[in-house]
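Colleague: Quick one: sequence and predicted model below, then my questions.
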Amino acid sequence: MSIFNIDVMTLFPEIFSLTMQIGIIGRAIKNNIINLKCHQIRDFAKNKHRRVDDYPFGGGEGMIMMAEPIFQTFEHIKIIRQKTPYLIMMSPKGKVLNQEIINRIRNFQDIAILCGRYEGIDQRLIDEIVDEEISIGNYVLTGGELPALVFLDTIIRTLPGVLSSENSFKHESYYNNTLEHPQYTRPQVWHNKKVPEVLLSGNHKEIENWKNQNSFKY
Ligand code: SAH
C-alpha cells in the first residue's frame, strides 16, 4: 500500500497537533497510512526578526505574507521528500471543495498544503509554486488552517485502509450523487418515536430497498 505524504505549510502548526493525535486521522498516522508533517513557515524566514509579512504595495488593509519564507519552506519539503509535491493553497478565491475534487486529489501520492494568514499571500509566490487553489466555501476565515483540516479530513477518510470498510464512505452522502438515508440506533423507541419497522425486520432485500428509496439525489 502506498503512503500518502502530506506536508502542511503554516504559521500555526499547533492547530493541527490535536487532530493528528486523535480519531481516524490519528490512527491513520499511527498505522503509517499517511505521513503528515507540519512546517512552520517562520522557521524559514532568514531576516533579522523572522518576519513573514509586510505592508501591501499600493496601500490597503492589513499585511501580506511574503513570498520568500514560503518559497524556502517548500524548497525544504522538496528536499526531505525528494520530489515536488502537488501544492494546494487554501484560498477563498479557489474552486469550492466538493467530492469530485476530493476523488481527484486522493490519487496523488504526495501533496503539500499552503495555509494563508492576514490578508493573503504575495501573488508572485502563488504564480510560481502553487498548482491549485481550493476554497471550503464562499466566506472568509482568518486563516487557511481550518480549511486545510476540513480538506485533509475528507481526503484522508477515503484513503484505502483508513476506514474499517471502503463501504463506509461508498454508501455515504455525495459519493454516488446521493444523500445518505436516515440512520437509527438503540433504543428502538425514543421519546415515543419508533425506528422504521423495516430496519428491524432482518429482511436484507427490503432493508436495501428502503435505504435506496430513502437516499435522495441532489
Ligand atoms: N484578503 C483575502 C482573504 C484572506 S483570509 C481575500 O479577500 O480574498 C486569510 C487566509 O485564510 C487566506 O489566505 C486563505 O489561506 C484562508 N482562507 C480564508 N477563507 C478561506 C476559505 N473560504 N477557503 C479556504 N481558505 C480560506
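Modeller: Right, received. Where do you want to start?

Colleague: in this structure, which spans are helices?
Modeller: Assigned by DSSP state H, the helices in the chain fall at 14-21, 23-30, 67-81, 99-105, 123-129, 145-156, 167-170, 204-213.

Colleague: Show me what from the chain comes close to the ligand.
Modeller: Proximity of the chain to the ligand is confined to 90-93, 115-117, 119-121, 135-137, 139-141, 143-144, 147 under the rule Cβ under 6 Å from any ligand atom. All C-beta spots, glycine's among them, are computed from the backbone N, C-alpha and C.

Colleague: Let's see stretch 205-218 as PDB, backbone CA atoms only.
Modeller: Extracted as PDB, the C-alpha positions of stretch 205-218 are listed here (Å, rounded to 0.1, in the frame of the first residue of the first chain):
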ATOM      1  CA  LYS A 205     -33.500  -7.200   0.500                       C
ATOM      2  CA  GLU A 206     -36.300  -5.000   1.900                       C
ATOM      3  CA  ILE A 207     -33.800  -3.100   4.000                       C
ATOM      4  CA  GLU A 208     -31.700  -2.400   1.000                       C
ATOM      5  CA  ASN A 209     -34.800  -1.200  -0.900                       C
ATOM      6  CA  TRP A 210     -35.700   1.100   2.000                       C
ATOM      7  CA  LYS A 211     -32.200   2.500   2.100                       C
ATOM      8  CA  ASN A 212     -32.200   3.200  -1.700                       C
ATOM      9  CA  GLN A 213     -35.700   4.700  -1.600                       C
ATOM     10  CA  ASN A 214     -34.600   7.000   1.200                       C
ATOM     11  CA  SER A 215     -31.400   8.100  -0.400                       C
ATOM     12  CA  PHE A 216     -32.000  11.300  -2.200                       C
ATOM     13  CA  LYS A 217     -30.400  12.500  -5.400                       C
ATOM     14  CA  TYR A 218     -29.200  16.100  -5.100                       C
END
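
Colleague: That one - what's its average pLDDT?
Modeller: Stretch 205-218 comes out with an average pLDDT of 93.

Colleague: hmm, back to that, rank the helices of the chain by mean pLDDT and give me the bottom one.
Modeller: Across those, helix 167-170 gives the lowest mean pLDDT, at a mean of 75.

Colleague: Skipping its backbone neighbours, what lies nearest residue 77 in space?
Modeller: Closest residue to residue 77 apart from its sequence neighbours, by Cβ to Cβ, 6 or more residues apart in numbering: residue 7 at 4.5 Å.

Colleague: residues in contact with that neighbour?
Modeller: The contact partners of residue 7, by Cβ atoms under 8 Å, 6 or more residues apart in numbering, come to 37, 38, 39, 77, 81, 85, 110, 111, 112, 113.

Colleague: let's see it at 7 Å
Modeller: 37, 39, 77, 81, 85, 112 (Cβ atoms under 7 Å, 6 or more residues apart in numbering).
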